[in-house]
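Enquirer: With the input below, show me the fold.
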Amino acid sequence: MFSINISGFNQIANKLSGVPVVVNVMMHQMMEQLAQNTQAVVKQTAPHNTGALADSINYKIEDQYKQVTATIGTPNPYSKFQEEGTGVYGPTGSPVVPRTARVLAWQSGGITIFARSVRGVQGKHYFQAGLQAAKERIRETMLVGFLIMHQKLGF
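Expert: Residues are numbered from 1 along each chain as shown. Prediction:
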């Protein structure tokens, strides 16, 4: 008679029972690392007139129903204009004109300037730069994370 004895299944099952916990923890850690890296690049590339815009850039990690997401943003009201641009350089493609007055007015160097319209400002696209940097780091972060998971699970 010929037979094959297979054993050790309980050991494998015990190792596999820890997989969901380890994977969830590692996914959260990987997302945290990617969010921190992206936030750092966005802060570096953001316009730095006073530093208030860069200082306001933050991130939030959400872990809902086994899906981990990161949101990098700022509550700063003028951040959108710095990112996308205004006037002919922005989403509308039209010069900036006064809404209620006959002319635009602002001060520069102690001098009051009046104009019927202005071209606007070009967008700095600092969030796009951060996103691009994150895309380049995703593969590296995932590979390292999976290697660590492999070691923690003992496979």
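
Enquirer: mind giving me the domain ranges of this structure?
Expert: Domain segmentation of the chain under automatic domain parsing yields 13-84+123-153, 86-122.

Enquirer: which SS class is the residue nearest in space to the middle of the chain?
Expert: Nearest to the geometric centre of the chain sits Ile72, at 4.1 Å (C-alpha atoms, centre = their mean). Classification of Ile72 using DSSP: H, G, I helix; E, B strand; the rest coil returns strand.

Enquirer: how far away is it from Gly145?
Expert: Computed as C-beta to C-beta, to the nearest Å, the Ile72 to Gly145 distance reads 19 Å. Heads up, the C-betas are built off the backbone N, CA and C, glycines and all.

Enquirer: after the least confident helix or strand in the chain by mean pLDDT, next one along is what?
Expert: Across the helices and strands of the chain, mean confidence by mean pLDDT, DSSP states H and E is lowest for helix 9-17: a mean of 59. Toward the C-terminus, helix 9-17 is succeeded by helix 19-45 as the next helix or strand (DSSP states H and E).

Enquirer: Output the contacting helices and strands for that next one.
Expert: For helix 19-45, the packing partners by 3 or more C-beta pairs under 8 Å, 6 or more residues apart in numbering; DSSP states H and E come out as strand 58-64, strand 67-73, helix 126-153.

Enquirer: Just send the ones you listed back as TSV, with mean pLDDT and distance to Ala115 too.
Expert: TSV is the format used below for those (pLDDT from 0 to 100; distance: least, C-beta to C-beta, whole Å):
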stretch	mean pLDDT	distance to Ala115
strand 58-64	87	36
strand 67-73	86	32
helix 126-153	81	27
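
Enquirer: Mind putting these into a markdown table with distance to Glu32?
Expert: Formatted as a markdown table, these follow (distance: least, C-beta to C-beta, whole Å):
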| stretch | distance to Glu32 |
| --- | --- |
| strand 58-64 | 6 |
| strand 67-73 | 8 |
| helix 126-153 | 10 |
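
Enquirer: who wins for proximity to Lys43 among the ones you listed?
Expert: In terms of C-beta to C-beta, the element of those nearest to Lys43 is helix 126-153, at 8.3 Å.

Enquirer: Next, the angle helix 19-45 makes with the closest one.
Expert: 150 degrees (axes from the mean of the first three to the mean of the last three C-alpha atoms, to 10 degrees).

Enquirer: Quick one: neighbours of Thr86, just the number.
Expert: 21 (other C-beta atoms under 10 Å).

Enquirer: Lys152 now?
Expert: 15.
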